[in-house]
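**Q** Make a model of this:
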Amino acid sequence: MATTWVLYDGMCSFCKSSVSNFERSLEKRNCKIKPLQNKTVMKILGIKDGDDLPEMKIIGDDRKVYGGAKGIVFLARKIWWAWPLWPLAHLPLTMNILDYIYKWVARNRHRAILCEI
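**A** Down below sits the predicted model:
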């Protein structure tokens, strides 16, 4: 079974907290979790030190890279209680709404009390 990689901003406490809430569930589903700042991850994705990290990345078991809301939707199909998001995301305008929400949260995550930056 191929592995799915969940890659997040390791400098953001909001992101770290979010990942830790789902870590056990994701690991049971053959997902590996690493910060985007990991040197190997940076090399694979072509990220340089100091680059802005506006969204999480998912390297799927299909070897494709998904970012932001598309990554969340990709992961949703692996978790029984989140699975309904997968078909729902394919309805007209739903992905646009999910993208908007994801980008709003990502843009404002540094305002969260948890964030170190």
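
**Q** Check which residues of the worst-scoring helix or strand of the chain on mean pLDDT are buried.
**A** For the chain, using mean pLDDT, DSSP states H and E, the weakest element among its helices and strands is helix 13-28, scoring a mean of 91. For helix 13-28, burial by neighbour count (16 or more other CB atoms under 10 Å) applies to 13-16, 18-19, 26. In short, each C-beta sits where N, CA and C put it, glycine included.

**Q** C-terminal to that helix, which secondary structure element comes first?
**A** strand 31-35 (DSSP states H and E).

**Q** who touches that following strand?
**A** Around strand 31-35, the neighbours that count as contacts under CB atoms under 8 Å, 6 or more residues apart in numbering are 3-11, 19, 23, 26-27, 40-41, 75, 78.

**Q** same deal with stretch 57-67?
**A** By CB under 8 Å, 6+ apart, stretch 57-67 touches 1-7, 30, 36, 44-45, 55-56, 70-71, 73-75.

**Q** just to revisit the earlier point, tilt between the least confident helix or strand of the chain and strand 31-35?
**A** Relative orientation of helix 13-28 and strand 31-35, computed by axes from the mean of the first three to the mean of the last three CA atoms, to 10 degrees: 160 degrees.

**Q** so what does helix 13-28 touch, helix or strand wise?
**A** Identification of packing neighbours for helix 13-28 by 3 or more CB pairs under 8 Å, 6 or more residues apart in numbering; DSSP states H and E yields strand 4-8, strand 31-35.

**Q** again, only this time at 6 Å
**A** Here helix 13-28 touches no other helix or strand, going by 3 or more CB pairs under 6 Å, 6 or more residues apart in numbering; DSSP states H and E.

**Q** where exactly do the strands run in the protein?
**A** Using DSSP state E, the strands found in the chain span residues 4-8, 31-35, 57-59, 65-67.
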